[in-house]
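1. give the three-dimensional model of this entry:
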Amino acid sequence: MRENKMVGANSTKLAAGYWPTVWRRFRQHRVAYVGLFFFFALILLVVVGPYLVLYRLDQISLSERMHGPSLSHWFGTDELGRDTWVRIMYGGRVSLIVGLTVGFSTVLIGGLVGVVAGYVGGRLDNILMRIVDIIYTIPRIVLLLVLSKVAGPGLVNIVIILVALEWTNAARLARGAVLSYREQEFVLAAQCLGASRWRIMLRHLLPNALAPLIVAATLDAGAAIRAETTLSFLGLGIQPPTPSWGNLLTNASTNIFIAPLQVFLPGLFIFFALMSFNLLGDALRDAMDPRLTQVRR
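-> Below is the predicted model:
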């Protein structure tokens, strides 16, 4: 028991030294500040933005159809006279919920699958990795469209479909990390002390695989927003009257020559969301990679 505590203490000490180093390297990365700024700005806007004006999400005013930006309607109005600012803010809530939920879920599911496959090995590893290969073999956009058509539109269905398609990236990353750590001294010591397989995987291997998984979460979140936007634009994602950035583009595309801002503004918010996740992923990768002696600035 005493030796087991010593192994755990040594692992905690190493982790305590690693994460402050990651934080220091992350703070030195200028790109990280840009990504954090846009990420928190978007979160703040979609949370408090709808309450900055007096209009409701479903408030229709046919006398104010397709008006341009003004003091009363900051982003103008749509084809039914609804306030575009309010609809973009509410649409951002839906799109960001999809992105963050999918990013977290894919890392959780894929990380566990990858850790189990890498540590247990043998037939189970072959079965799980062949499933991953099959999902990779099928063109992603085709599989996405087919599953969306079969399951039907809706927020929950979109999240489930995207998680079912995106967990494979995290599984491969976690498996690769576990294969590199499986024969190291701290794992062998835990085995000699009688630790169970689940304890070794969850207590020792999974924390050491967190670095690539955290990076994967940011990239998967951006990919999920892009996929949700595509599906909603094609009419297979979030359905009106619930707004999302994708179906806002669908509604506005028919009036692009009359009110081009109705297309430009949702697209601009999509761009900022994807840019923030990609920049954060880039900064986290540089900060967490021990092979890099100097982060990019």
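2. contacts and neighbour counts: CA atoms only from here.
-> OK.
3. residues near Leu202, how many?
-> 14 (other CA atoms under 10 Å).
4. what does the one 5 residues further on give?
-> Each residue near Pro207 was counted by other CA under 10 Å, and the total is 13.
5. show the pLDDT at it.
-> Note on Pro207: pLDDT of 76.
6. which intervals of the stretch 1-150 of the chain have sub-threshold pLDDT?
-> The model of the stretch 1-150 of the chain has pLDDT under 70 over residues 1-19.
7. how about the helices in it?
-> Along the stretch 1-150 of the chain, counting by DSSP state H, counting those that start in this stretch, helices occupy 2-27, 30-48, 84-120, 122-137, 140-151.
8. where in the stretch 151-297 of the chain is pLDDT low?
-> 289-297.
9. how does it look with 80?
-> Applying pLDDT under 80 to the stretch 151-297 of the chain flags the ranges 152-153, 181-188, 190-191, 193-209, 211, 251-256, 285-297.
10. what ranges does it have for its helices?
-> Counting by DSSP H, counting those that start in this stretch, the helices of the stretch 151-297 of the chain are 155-181, 185-192, 197-199, 206-208, 210-233, 245-253, 261-288.
11. chain center to the second one, what's the gap?
-> I take that to be helix 185-192. 34 Å (CA atoms, centre = their mean, to the nearest Å).
12. now for Ile161, how many residues are close by?
-> Neighbours of Ile161 using other CA under 10 Å come to 17.
13. now swap in Gly194 and tell me
-> For Gly194, the count of nearby residues is 12 (other CA under 10 Å).
14. phi, psi for it please.
-> For Gly194, the backbone dihedrals (degrees, to the nearest 10) come out as phi 90, psi 20.
15. what separation do you get for it and Asp133?
-> Note on Gly194: its distance to Asp133, by CA to CA, to the nearest Å, is 34 Å.
16. tell me the contacts of Val159?
-> Contact criterion CA atoms under 8 Å, 6 or more residues apart in numbering gives 98, 101-102 as the residues in contact with Val159.
17. between those, identify the one with the most neighbours.
-> When neighbours are counted by other CA under 10 Å, Val102 leads these with 29 neighbours.
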